[in-house]
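Visitor: Got a predicted model here, sequence first, then my questions.
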Amino acid sequence: MQVTETAAEGLKREFKIVVPAADIQAKAESRLQALSQQVRIPGFRPGKVPMPLMKQRYGASVLGEVLELAVQESADAALAERSLKPALQPKIEVTSFDEGKDLEYTLSVEILPEIAELDLKTVKLNKPKVVVADSEVEEALGRVAESRKVNVVVEDVREAVKGDVLEIDFVGSVDGVEFPGGKGEGYDLELGSGTFIPGFEDQLIGAKAGDVANVSVTFPEEYHSKDLAGKAAVFVVTVKALKAASLPALDDEFAKGLGLEDLNGLRNAIKGQIENEYSSMVRNRVKRDLLDALAEKADFPVPAGMVGLEFDAIWKQIEDAKKNDNLDEEDKGKSDDELKTEYTTLAERRVRLGLLLADLGQKNSVQVTQEDINRAVMQEAMRFPGQEQAVFQYFQNNRQALDSLRAPLYEDKVIDFILGAADVTEVEMTAEELAKQDDAA
């Protein structure tokens, strides 16, 4: 095999490769000989089929198979001899071949860049440390109680105020004619909840149990029923009872009703949940800061082909967002050329960081274990109560789905390794300060 480098520009390489006709002929004859041991041709025992007959029947298909194999093996060998790692699948173009003559082809490839060693101790980061205040736990406890409030009939005769619940019967009509879906009985309506169309609840403030009121409203133009959209309607409303919200007592019995041992156990559970939420926020914050720090230190060329693929994926999301009128506010009003320039830069950053993380993971023997995979599958299964077995089978039978779990797991493990080696300083701050910094970022 003869390999000649014909072009070298940045990460792009091009080679002219010649595979001698003798090598191809030898491989073809060897393949035909092996095939003759398997085929059955009337009049000949296996292994005794004359080679001319084998060539006549199978020569063309075997030659195609041998050529494909020769190209693959010679291309791999040419890259391996030069310690070149392709960034993407190389492009191969056969320039010359006839039976009995040398095979000539060009090999065009973009290679992965050389990445210099990075002293991770030079990466300096601040890690927020958020302490959960007792007041936060009490506020959350109050929200739990609020979610379990019950409506109790008010025995005293009084006017309804915002926040009260009226048990009502109602009948709606447009131009004196009742319309489908405009009737209800024994409906509990919280005044001020915005459950009914605008103006309905406001007109019932001041009502008392036993009152009958005519409520006049106009359906919104964008109302889901086209027959009612924009039309004036009158609802005859009968107030059957006035109810007020009653919060449960925050005691041990309340906690036991939620599956906890006592009120202190409920407080601890709530505190743990808040701590987990802050931990997730801190993790995202530190990871973002780390990637920013690595991006500043990473200074190596990236394969244009990889950037192109990443940009195409981003641009498809942008086009979908445009169609659905869901484009980010900061992107609205920008031309396509401006957006493409910005997102090409983003694509390049993503590719560079991806290559850097992969390099750091490889050099430091970071691996995703089967235990890691099993834990991730379990977490996915827990998201679908009652369908856990189906989720397990899906991942068991779908290699691509497992790989989709492996990639983020590997990235997180590399991130953890870097954080363990970097210069990380804990900085105490409140939840509000962390949220403000996230909003600013």
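Guide: That came in fine, so what should we check first? Residues are numbered from 1 along each chain as shown.
Visitor: And the strands in the protein, which stretches?
Guide: 2-9, 12-19, 91-96, 103-110, 124-130, 150-153, 165-174, 177-190, 212-218, 232-246, 423-429 (DSSP state E).
Visitor: want to try CSV for those strands, with mean neighbour count and mean pLDDT as columns?
Guide: Using the backbone N, CA and C atoms, a C-beta is placed for each residue, glycine as well. Putting the strands of the chain into CSV (neighbours: other CB atoms under 10 Å; pLDDT from 0 to 100) gives the following:
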stretch, mean neighbour count, mean pLDDT
strand 2-9, 12, 94
strand 12-19, 18, 96
strand 91-96, 11, 93
strand 103-110, 19, 96
strand 124-130, 16, 93
strand 150-153, 12, 89
strand 165-174, 19, 96
strand 177-190, 13, 93
strand 212-218, 14, 96
strand 232-246, 17, 94
strand 423-429, 12, 93
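Visitor: Out of those, which gets nearest to L327?
Guide: strand 124-130 (31.1 Å; CB to CB).
Visitor: That closest one to strand 423-429, inter-axis angle?
Guide: 30 degrees (axes from the mean of the first three to the mean of the last three CA atoms, to 10 degrees).
Visitor: Which positions within stretch 69-86 qualify as buried?
Guide: Buried residues in stretch 69-86, counted by 16 or more other CB atoms under 10 Å: A70, V71, S74, A75, A78, L79, L84, P86.
Visitor: what's in contact with that stretch?
Guide: Stretch 69-86 has contacts (CB atoms under 8 Å, 6 or more residues apart in numbering) with 1, 3, 13, 15, 17, 19, 23-24, 27, 90, 92, 94, 103, 105, 107, 109-112.
Visitor: The same query, at a cut-off of 10 Å, please.
Guide: 1-5, 11, 13, 15, 17-20, 23-24, 27-28, 31, 90, 92, 94, 97, 103, 105, 107, 109-114, 303, 305 (CB atoms under 10 Å, 6 or more residues apart in numbering).
Visitor: Equivalent analysis for stretch 268-288, please.
Guide: Counting by CB under 10 Å, 6+ apart, 125-134, 136-141, 143-144, 255, 258-262, 411-412, 415-416, 418-419, 422, 424, 426, 429, 431, 434-435, 437-438, 441 sit against stretch 268-288.
Visitor: low-scoring stretches of this protein, by residue?
Guide: 440-441 (pLDDT under 70).
Visitor: Between the strands of the chain, which one is closest to T345.
Guide: Per CB to CB, nearest to T345 of those: strand 103-110, 19.2 Å.
Visitor: Give the other helices and strands that that closest one contacts.
Guide: Under the contact definition 3 or more CB pairs under 10 Å, 6 or more residues apart in numbering; DSSP states H and E, strand 103-110 sits against strand 2-9, strand 12-19, helix 21-36, helix 51-81, strand 91-96, helix 304-323.
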